[in-house]
Every structure is written in structure tokens, then in C-alpha cells.
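>>> Got a sequence here, can you build the structure:
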Amino acid sequence: MSAYIYDTETKRVEHRARVVQMTSMPKLRVAEYIPEWRRGERSGVFILLDQLEDLHPTRAISEFHYYTNDRPVERPPIGNYLKVIDPLF
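Numbers count the residues shown, from 1 in each chain. Sure thing, here's the model as predicted:
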């Protein structure tokens, strides 16, 4: 599974990474990467990424489509993630 990272300053999708693990409760190995101030929180999704690479060329958010209804993504979620279809992947 891949993760795409949207840059709020440039308003472009500029990076892609490989998703290693997605979980609501991080395992001990993952927990060491969580900042001390977040370790007490139990809500949310933890995503461990590796193989971060720059996208060349960068892409507009509208090039991605929602997984659930195949409509173009109009704006990125704030502090959340989307499940999308990447037509170029």
C-alpha cells in the first residue's frame, strides 16, 4: 500500500511512501517513534511509513479519486487520511 503526502504550502501532492503498518494501537517497536507527548493518547490511527520519495512531477489533489465513489478529491482532509485510487499507479 502506498501513502501520498500533500504539501499545504504548495497545494500539491509531493511525496509517496510505502505503508509498513496501520494500526489503532502501535506495537512496541513502533511506539519508540511516537513523541512522548502523544504516547498517552489512545484514539487515532498510527501509520508507519518508509521508502519516502519525491514525486516528479508533483500532482494536484484532484488527480486522485475517492475509493468509495470514484469522484475526484476536491480538498485534502485536515489532520486525517483518505483512501484513494491513483489512476497513474
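>>> any idea how far Asp7 is from Ala17?
Noted for Asp7: a distance of 14 Å to Ala17, by Cβ to Cβ, to the nearest Å. For the C-beta atoms, the positions are set from N, CA and C on the backbone; glycine is no exception.
>>> which of the two has more neighbours?
Ala17 (17 against 12; other Cβ atoms under 10 Å).
>>> which residues pair with the more buried one across the strands?
Taking DSSP bridges as the rule, Ala17 bridges to Ala3.
>>> same thing with the one 4 residues further on?
According to DSSP bridges, the residues that bridge with Gln21 are Leu48.
>>> right, and it touches Leu49 too?
No - in this structure, Gln21 is not within contact of Leu49 by Cβ atoms under 8 Å, at 9.1 Å.
>>> who touches Val19 in this structure?
1-3, 47-49 (Cβ atoms under 8 Å, 6 or more residues apart in numbering).
>>> what helix or strand is it on?
Val19 belongs to strand 12-23 when elements are defined using DSSP states H and E.
>>> Test for you: state the pLDDT assigned to the residue nearest to Gln51 when sequence neighbours are not counted.
Distances taken as Cβ to Cβ, 6 or more residues apart in numbering put Arg18 closest to Gln51, at 4.3 Å, once the chain neighbours are dropped. As predicted, Arg18 sits at a pLDDT of 87.
>>> Contacts only, for Arg18.
Contact analysis of Arg18 by Cβ under 8 Å, 6+ apart lists 1-3, 49-51.
>>> Met1 too?
When contacts are counted by Cβ under 8 Å, 6+ apart, Met1 touches 18-19, 22.
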